[in-house]
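S.K.: any chance you could fold what I've pasted below:
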Amino acid sequence: MSMEIIKVAVDVRDLQISASGARSYLESVIIEFKKEHPGFAFYFLDATTKAYTGNHFLLKLKEQLSYFLWKQIILPYKSKVLGCQVLFCSDFMVPYFSLGIKTIPVFHDAFFWEYPQHYNKYWLLFFRNLGLAAAKKAAFVVTPTQYASNQLSKYTGIPQSKIIAIGEAPKTIEDQNKDHQNKENQVSTTTQDILNTDYILHVGTLEKRKNIPALIRAFKIVQQSGFSNLKLVLVGKASNKITLDDSAAIIDTINQEQLSEDVVLTGYLNDDEVQAIYQKAKLYVFPSINEGFGIPVLEAFKYKVPVVIANNTCLPEVAGLGAKSFDPFEVTDIAQTITLLLNDEVLGQSYIEKGNAQLQNFSWEKTGQSLMQLFKKAVADS
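M.R.: Purely as a prediction, here's the structure:
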């Protein structure tokens, strides 16, 4: 008797729009789904019209209409024609009328409810009515952590039994050239200059919730406590959403603290440069006041960098015993924790070892396998 094939449609249109963590997530699960999996057939569906990412009001309006048509009409229709039993969408939104197909969205966090002031009010209205109603009809909802699952259930009323926490992993950077010397040659002169200094590191989009002004103020205290030659390297670009972007406050804080020579804003860097900068960092600092997962924690573990984190939201869950925590609302506590690790190499090494042990709990292969088990369960429950 032949094995029944589960056909899964994967919405990949978000690759045209998303950046940072959401993009890495979708790219990484696509890599896993493209591997050979007996009993599964995956179809990667994209819109034929290019998504608009600019700021022109009328074109943005047209983009919202295109998005609505894609999600609610074209995507479920294409999935149905292909005979798919499951439709997987990594960008929160699944179609309300799914034509009998089991839908599974990923909610990376509960920020729409936690920070409504950071989002366009019309988008929130659309999402909270249609998007949430569609999620409530879905077979399952995926979140990256138990913390995110708890928050989502609290705000939406979706039962926890239907919200499944499936972890993420560090971004897969392909080492096309294993020669370390040649690898360093692939970085820019500016990045090479950074690598020749002592620095602590933060990687992520410059959003308000990342709490970077507090990190900058803490860094000033660290410098004054005996680390005058230390730099703070901030890898990441400004948020493309004006309501989320914290670039102006970050630059103001740098100027107020007179740190223009010591805080390095790199903007966007390619994968080789990010990898090189992780590897040479003295310490990774994650002061965010809210995260859905926090992939940079695992990336720092991967590159054997001691990690200090905010003691809130999902970060202790992801880091386990692999990171020293601080109160992100207390600048002196951030500074003291950073200084403690910089002064004690033995302690730093112990966190590197614990971080490496914690990292073994996460891989994109595990994520892919867990998602496929969920797809099977969705089909079996029908």
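S.K.: surely residue 284 is in a helix?
M.R.: No. Residue 284: not assigned to a helix; according to DSSP: H, G, I helix; E, B strand; the rest coil it is strand.
S.K.: run a quick neighbour tally on the closest residue to it other than its chain neighbours.
M.R.: With sequence-adjacent residues excluded and distances taken as CB to CB, 6 or more residues apart in numbering, residue 284 is closest to residue 300, at 3.7 Å. To be clear about C-beta, it is placed using only N, CA and C from the backbone, and glycine gets the same treatment. With neighbours defined by other CB atoms under 10 Å, the count for residue 300 comes to 30.
S.K.: residue contacts, residue 300?
M.R.: 201, 278, 281, 284, 306-307, 355 (CB atoms under 8 Å, 6 or more residues apart in numbering).
S.K.: switch to 10 Å and redo it
M.R.: Each residue near residue 300 by CB atoms under 10 Å, 6 or more residues apart in numbering is listed here: 170, 201, 203, 278, 281, 283-286, 306-309, 319, 322-323, 351-352, 355, 359.
S.K.: what strand or helix carries it?
M.R.: helix 295-302 (DSSP states H and E).
S.K.: so what does the next helix or strand after that helix touch, helix or strand wise?
M.R.: Sequence order places strand 307-310 as the next helix or strand after helix 295-302, per DSSP H and E. Counting contacts by 3 or more CB pairs under 10 Å, 6 or more residues apart in numbering; DSSP states H and E, strand 307-310 is packed against strand 283-286, helix 295-302, helix 315-319, strand 324-326, helix 331-343, helix 345-359.
S.K.: gap between the nearest residue to residue 267 once chain neighbours are set aside and residue 266?
M.R.: Using CB to CB, 6+ apart and skipping residues adjacent in sequence, the residue nearest residue 267 is residue 237, 5.2 Å away. As judged by CB to CB, to the nearest Å, residue 237 and residue 266 stand 9 Å apart.
S.K.: then residue 191?
M.R.: Separation of residue 191 from residue 266 (CB to CB): 7 Å.
S.K.: same check, this time on residue 143
M.R.: 30 Å.
S.K.: and what of residue 344?
M.R.: Residue 344 sits 28 Å away from residue 266 when distances are taken as CB to CB.
S.K.: equivalent analysis for residue 379, please.
M.R.: 45 Å.
S.K.: before we move on, back to that, gap between the helix holding residue 300 and the chain center?
M.R.: 11 Å (CA atoms, centre = their mean, to the nearest Å).
S.K.: angle of that helix against helix 345-359?
M.R.: 110 degrees (axes from the mean of the first three to the mean of the last three CA atoms, to 10 degrees).
S.K.: and helix 295-302, average pLDDT?
M.R.: Mean pLDDT, helix 295-302: 95.
S.K.: one more: stretch 67-81?
M.R.: 95.
S.K.: and after the helix or strand of the chain with the lowest mean pLDDT, which helix or strand comes next?
M.R.: Here the helix or strand of the chain ranked lowest by mean pLDDT, DSSP states H and E is helix 180-185, holding a mean of 46. Toward the C-terminus, helix 180-185 is succeeded by helix 189-195 as the next helix or strand (DSSP H and E).
S.K.: residues contacting that following helix, please?
M.R.: Here helix 189-195 has contacts from 184-185, 187-188, 201, 231, 233, 235, 264, 266-267, 269-270, 272-274, 276-277, 279-281, using CB under 10 Å, 6+ apart.
S.K.: switch to 6 Å and redo it
M.R.: 233, 273, 280 (CB atoms under 6 Å, 6 or more residues apart in numbering).
S.K.: for it, buried residues please.
M.R.: For helix 189-195, the neighbour count (16 or more other CB atoms under 10 Å) marks 191, 194-195 as buried.
S.K.: what's the next secondary structure element after that helix?
M.R.: strand 199-203.
S.K.: please name the nearest non-neighbouring residue to residue 50.
M.R.: Nearest to residue 50 is residue 16, by CB to CB, 6+ apart, at 6.6 Å.
S.K.: can you pull out the low-pLDDT segments for the stretch 251-382 of the chain?
M.R.: 382 (pLDDT under 70).
S.K.: got the contact list for the helix or strand hosting residue 147?
M.R.: Assigned by DSSP H and E, residue 147 belongs to helix 146-156. Helix 146-156 is contacted by residues 107, 109-110, 113, 143, 160, 163, 165, 292, 313-314, 317 when judged by CB under 6 Å, 6+ apart.
S.K.: what helix or strand does residue 139 sit in?
M.R.: Going by DSSP H and E, residue 139 is not part of any helix or strand.
S.K.: pretty sure it contacts residue 380?
M.R.: No. Applying CB atoms under 6 Å as the test, residue 139 and residue 380 come out as separate, 10.3 Å apart.
S.K.: what's the angle between the stretch of helix or strand residue 275 belongs to and helix 295-302?
M.R.: Element membership for residue 275, per DSSP H and E: helix 271-280. If you take the same axes, to 10 degrees, helix 271-280 sits at 60 degrees to helix 295-302.
S.K.: partners of residue 45 in the sheet?
M.R.: Beta-bridge partners recorded for residue 45 (DSSP bridges): residue 11.
S.K.: contacts only, for it.
M.R.: Taking CB under 6 Å, 6+ apart as the test, what residue 45 contacts is 9, 11, 78.
S.K.: next: residue 106.
M.R.: Residue 106 makes contact with 90, 142, according to CB under 6 Å, 6+ apart.
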